[in-house]
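Engineer: Return atomic coordinates for the entry below.
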Amino acid sequence: MTAGLYVHVPFCITRCGYCDFNTYAGLEDLRSPYVGALMREAELASPAWSETQFVSLFLGGGTPTTLPIHDMVRLLDHLRATLDVTADAEVTSEANPDTVDPAYLAGLREAGISRLSMGLQSFDPDVLRALERLHSAESAVAAFQAARATGFDNVNLDLIYGAAGETISSWRRTLEATVALRPEHVSAYALTIEPATPLGRKVAAGLVPAPDADLQTDMYATTCEVLGAAGYEHYEVSNWALPGRRCVHNLGYWEGRSYLGLGAGAHSFAGDRRWWNVRPPQQYLEIVAASRLPIGDEERLDGDARSLERLLLGLRLVDGIPESWLESPERADAFVAEGLAERRDGRLALTDRGMFLANELVTDLAG
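Structural biologist: As a prediction, this is how the structure comes out:
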């Protein structure tokens, strides 16, 4: 069996107001003990995954590049020694532009990181301020160029559209600046408002406007236009890649591959079972120190739940799904007529327009 390996690093320099991930600022003292706990959790989990080859390894967060480089090296070495990470596995680390310099990037290369995913979000200073990002457009470009200079030939740039004050023309400039750098991969996400975040509370209080859904729709269309014209394949709702550079790890999620998650709040999936670790880093450390897996809860997916999830994930991809997966294929007729979906060789796939409405369309298709 093949699977993906996800490692969650919850530390950040500062917590952005829109972020709803399991991340924390000001816990620098926990970094080294946390890496030790990740190594121990891998040992505890390994017997159940002894017959599994991991074809991708993804360090996410948080900001993995807040870890000292020697901790990153010992973590990756231990994961490879404990789990069967294939020699040609895609090994990705997320990175904040302000947490990497040429020396650190060279250390990542030596540690075996083959792919970087850099959180740029925007090249517009006003948008960066609205998103409470610390880096500037100039520092983002410098970090990208440093990555190139240290040998990274597989880089993803993360972008977010729809922040307060952002216009179509501003977003187009961000896309054009991104294309000028020629990363191998681009992820572009519509800003969503999570109620429990500082931004969510500001929106609820009327201090900041909520994203304009119609404007975000237009921004999405602009993304498809600009990236498509530059030769990027729109292979998943929010992801574009140059030919041959699709993200192996994330494709695993969308294609239903098993995955093991290590770290505070990390999720795992195998068979019909999904489980997730406790979220607070200190609690995670205490449980692992007692040589117990830090599982917080789990769920079993019944047949209906698996079928719905298969539709939702499959229709996110450009190749779509076999129409035989649908109980009532005629439900798709209206979407095809409206240009939201198309039929190809017995498969149903969403168009660029349809991808932006993927969740709503799947609900209708599932009945």
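Engineer: Tell me who's in contact with Arg257.
Structural biologist: With contact set as CB atoms under 8 Å, 6 or more residues apart in numbering, Arg257 has these partners: 2-4, 251. Every C-beta, even on glycine, is put in place using the N, C-alpha and C of the backbone.
Engineer: Confirm that Phe269 sits in a strand.
Structural biologist: Yes - according to DSSP: H, G, I helix; E, B strand; the rest coil, Phe269 belongs to a strand.
Engineer: Setting aside sequence neighbours, what's the nearest residue to Thr197?
Structural biologist: Spatial nearest neighbour of Thr197, excluding adjacent residues (CB to CB, 6 or more residues apart in numbering): Asp20 at 5.4 Å.
Engineer: ditto for Ala137
Structural biologist: For Ala137, the spatially nearest residue (CB to CB, 6+ apart) is Phe123, at 4.3 Å.
Engineer: quick revisit: and the pLDDT at the residue nearest to Thr197?
Structural biologist: Looking at Asp20, its pLDDT is 70.
Engineer: number of nearby residues for it?
Structural biologist: For Asp20, the neighbour count with other CB atoms under 10 Å is 14.
Engineer: how about the helices in the stretch 101-250 of the chain?
Structural biologist: Along the stretch 101-250 of the chain, counting by DSSP state H, counting those that start in this stretch, helices occupy 102-111, 125-130, 137-149, 168-181, 198-204, 213-229, 248-254.
Engineer: Figure out which of those is closest to His70.
Structural biologist: With CB to CB as the criterion, His70 lies closest to helix 102-111 of those, at 8.2 Å.
Engineer: Which residue, other than its chain neighbours, is closest to Pro322?
Structural biologist: Once flanking residues are discounted, Pro322 sits nearest to Arg347: 5.6 Å by CB to CB, 6+ apart.
Engineer: Pretty sure Leu340 sits against Leu350.
Structural biologist: Yes - applying CB atoms under 8 Å, one finds Leu340 in contact with Leu350, separated by 6.5 Å.
Engineer: Quick check on these two: which one has the bigger neighbour count.
Structural biologist: Taking other CB under 10 Å, Leu340 and Leu350 do not tie; Leu350 has more neighbours (24 against 20).
Engineer: For the more buried one, which residues are in contact?
Structural biologist: Counting by CB under 8 Å, 6+ apart, Leu350 makes contact with 315, 320, 335, 340-341, 358, 361.
Engineer: burial measure for Gln121, as a count.
Structural biologist: 26.
Engineer: so it makes contact with Leu157?
Structural biologist: No - using CB under 8 Å, Gln121 is not in contact with Leu157; the gap is 9.2 Å.
Engineer: For Arg306, which non-adjacent residue is spatially closest?
Structural biologist: In space, and not counting its chain neighbours, Arg306 is closest to Asp272: 6.7 Å by CB to CB, 6+ apart.
Engineer: so that neighbour touches Asp304, yeah?
Structural biologist: No - assessed by CB under 8 Å, Asp272 is found out of contact with Asp304, at 11.8 Å.
Engineer: domain assignment for the chain?
Structural biologist: As assigned by automatic domain parsing, the chain contains the domains 2-254, 303-366.
Engineer: out of those, which comes closest to Gln282?
Structural biologist: Gln282 sits nearest to domain 2-254 of all these, at 7.4 Å, using CB to CB.
Engineer: Any idea how far apart the tips of that closest one sit?
Structural biologist: End-to-end distance of domain 2-254 (CA to CA, to the nearest Å): 14 Å.
Engineer: Over to stretch 128-140?
Structural biologist: Using CA to CA, one end of stretch 128-140 lies 11 Å from the other.
Engineer: Chain neighbours aside, what residue packs nearest to Ala106?
Structural biologist: Thr150 (4.9 Å).
Engineer: residues touching that neighbour, list them.
Structural biologist: Residues near Thr150 by CB under 8 Å, 6+ apart: 102, 105-106, 108-109.
Engineer: ok, and the most crowded of the residues you listed?
Structural biologist: Ranking these using other CB under 10 Å puts Leu108 first, with 26 neighbours.
Engineer: Run through the residues that contact that residue.
Structural biologist: Going by CB under 8 Å, 6+ apart, Leu108 touches 65, 69, 72, 93, 100, 116, 150.
Engineer: Over to Arg310?
Structural biologist: 256, 321, 325.
Engineer: Settle this for me: the first one is touching Leu313, isn't it.
Structural biologist: Yes - Gly256 sits in contact with Leu313 when judged by CB under 8 Å, with a separation of 6.5 Å.
Engineer: Geometrically speaking, which residue is the centre of the protein?
Structural biologist: For the chain, the residue nearest the mean C-alpha position is Asn250 (7.1 Å; CA atoms, centre = their mean).
Engineer: Which residues are in contact with that one?
Structural biologist: For Asn250, the contacting residues are 58, 236, 239, by CB under 8 Å, 6+ apart.
Engineer: out of Gly256 and Leu313, which sits in the more crowded spot?
Structural biologist: Leu313 (17 against 13).
Engineer: on that earlier part again, looking at the domains of the chain, which is closest to Pro280?
Structural biologist: Pro280 sits nearest to domain 2-254 of all the domains of the chain, at 8.7 Å, using CB to CB.
Engineer: And the spatially most distant residue from the centre of the chain, its phi and psi?
Structural biologist: Most distant from the centre of the chain: Glu330, at 33.3 Å, with distances by CA atoms, centre = their mean. Dihedral pair for Glu330: phi -70, psi -20, per degrees, to the nearest 10.
Engineer: What ranges does the stretch 251-367 of the chain have for its helices?
Structural biologist: Per DSSP H, counting those that start in this stretch, the stretch 251-367 of the chain carries helices over the ranges 281-289, 303-314, 333-337, 352-355, 358-366.
Engineer: Of all those helices, which one comes closest to Asp218?
Structural biologist: Asp218 sits nearest to helix 352-355 of all the helices of the stretch 251-367 of the chain, at 11.5 Å, using CB to CB.
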